[in-house]
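Visitor: Need a 3D model of the sequence below.
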Amino acid sequence: MDGSSMVGLLRRVTGTVGPGLVGEVIVRIRGDAEHFLAHPASAKARIEVGTVVTVIEHLPSRTVYVARAYGS
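Guide: Predicted coordinates for the structure are as follows:
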């Protein structure tokens with residue numbers, strides 16, 4: 001799966017994402033679940049563990065930018 005095909009995936013935060021924090025999401029790709037470092041797409045956003053997010057951007061090799069999938 002290339003980075004562009006990850007954009008738009010819905011995933012759950014497994015490590016808090018926010019300003020000054022490097023969070024985590026688990027993405028199911030290549031037949032396995034893989035951990036990715038996650039940053040907020042909006043610099044001021046804080047996204048707690050368990051929140052459903054959309055992958056906005058993927059940077060090789062294991063970094064994603066995410067935003068809340070539902071509301072604020």
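Visitor: got the contact list for I26?
Guide: By CB atoms under 8 Å, 6 or more residues apart in numbering, I26 lies in contact with R11, R12, T14, A33, E34, H35, F36. Yep, even glycine has a C-beta here, placed from its N, CA and C like the rest.
Visitor: And what about the third one, helix, strand or coil?
Guide: When states are read from DSSP: H, G, I helix; E, B strand; the rest coil, the local structure at T14 comes out as strand.
Visitor: Test my guess that it contacts V49.
Guide: Yes: in this structure T14 lies within contact range of V49 using CB atoms under 8 Å: 6.4 Å.
Visitor: So between the two, which is more surrounded?
Guide: T14 (15 against 12; other CB atoms under 10 Å).
Visitor: how about the nearest residue to that one, chain neighbours excluded?
Guide: Residue nearest to T14 in three dimensions, not counting chain neighbours: E24, with 4.9 Å by CB to CB, 6 or more residues apart in numbering.
Visitor: how about the residue of the chain positioned farthest from its centre, phi and psi?
Guide: Distance from the C-alpha centroid of the chain peaks at G31, with 18.3 Å (CA atoms, centre = their mean). Note on G31: its backbone torsions stand at phi 80, psi 10 [degrees, to the nearest 10].
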